[in-house]
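S.K.: Show me the folded form of this:
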Amino acid sequence: YQRRVRGEIHDVELKKGGSSISVTKENRDEYLKLIVDYHLYGAREQMKEILRGLHQLISPDIIKMFTAEELATLIGGTETIDVEDLINNTEYSDLSPSSTNVLWLWQAVKELSQKELKRFLHFVTGTTKVPIGGFNHLYGSTGPQKFTVMHSKRTGLPTAHSCFNRLELPEYASFEELKKNLLFAIKETQGFGLE
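M.R.: Numbers count the residues shown, from 1 in each chain. Now for the predicted structure:
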């Protein structure tokens, strides 16, 4: 059986000596069963190793206490974005929470749908998920790193540095201009896609 992995073709022996056995009408059912078994159960060893690593971090007895959905949330974070939690866990650089552009930013963010909020979060942090425990537990590339809004001397679109959970916000003349530029930035730009 031949399988393509990352553009390269690899021979896979589905049973001992299988590479020297031709597929015929008489053995095709066995061949198909072996292919199905390979794809369905072939990753068993890898899964065992993943579980072994997980069990080194968290006891199997504790894992059993969670449903699959709870475990997924624990590992991957929550889907619903609480804007007030984000606001309460934001730091400012060269701006104050009461500056006009910051107030307009939060007004614009509060008007976003959950889908747009996920895009905003991805734009500024590199992920669409909220960490367990909320934005107080946000991590950057160097460890715990709160979301930061800082003044930008540039004009045009806001700039994000997702490794540092930072948004650089230019000065805007109106709320409408800020919202238009913010929406363009989160909808039309793409980062590295490290989900």
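S.K.: So what pairs up with Glu168 in the strands?
M.R.: Met150, Thr159 (DSSP bridges).
S.K.: Any buried residues in the helix or strand of the chain with the lowest mean pLDDT, and which?
M.R.: Counting by mean pLDDT, DSSP states H and E, the weakest-scoring helix or strand in the chain turns out to be helix 68-76, with a mean of 78. Along helix 68-76, these residues count as buried under the neighbour rule (16 or more other C-beta atoms under 10 Å): Thr73. Any C-beta I mention is one placed from the backbone N, CA and C, and that applies to glycine too.
S.K.: Then stretch 8-25?
M.R.: Along stretch 8-25, these residues count as buried under the neighbour rule (16+ other C-beta under 10 Å): Leu14.
S.K.: send the alpha carbons of it over as PDB?
M.R.: Only the C-alpha atoms of stretch 8-25 are listed here, as PDB (Å, rounded to 0.1, in the frame of the first residue of the first chain):
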ATOM      1  CA  GLU A   8       6.300  12.100  -0.600                       C
ATOM      2  CA  ILE A   9       5.000   8.500  -1.400                       C
ATOM      3  CA  HIS A  10       5.800   5.900   1.300                       C
ATOM      4  CA  ASP A  11       5.300   2.200   1.100                       C
ATOM      5  CA  VAL A  12       3.300   0.800   4.000                       C
ATOM      6  CA  GLU A  13       3.300  -3.000   4.700                       C
ATOM      7  CA  LEU A  14      -0.200  -3.800   5.900                       C
ATOM      8  CA  LYS A  15       0.700  -7.300   6.900                       C
ATOM      9  CA  LYS A  16       4.000  -9.300   7.200                       C
ATOM     10  CA  GLY A  17       5.300 -10.000   3.700                       C
ATOM     11  CA  GLY A  18       2.500  -7.900   2.200                       C
ATOM     12  CA  SER A  19       4.800  -5.900  -0.100                       C
ATOM     13  CA  SER A  20       5.400  -9.100  -2.100                       C
ATOM     14  CA  ILE A  21       1.700 -10.000  -2.400                       C
ATOM     15  CA  SER A  22      -0.200  -8.700  -5.400                       C
ATOM     16  CA  VAL A  23      -3.800  -7.700  -4.900                       C
ATOM     17  CA  THR A  24      -6.100 -10.000  -6.700                       C
ATOM     18  CA  LYS A  25      -9.900 -10.600  -6.900                       C
END
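S.K.: How about residues contacting that stretch?
M.R.: Residues lying outside stretch 8-25 but in contact with it, judged by C-beta atoms under 8 Å, 6 or more residues apart in numbering, are Tyr1, Gln2, Arg3, Arg4, Asn27, Tyr31, Leu34, Ile35, Asp37, Tyr38.
S.K.: Give me the distance between it and the centre of its chain.
M.R.: Here stretch 8-25 shows a centroid-to-chain-centroid distance of 38 Å under the convention C-alpha atoms, centre = their mean, to the nearest Å.
S.K.: now stretch 71-78
M.R.: Its chain's C-alpha centre lies 11 Å from the corresponding centre of stretch 71-78 when counted by C-alpha atoms, centre = their mean.
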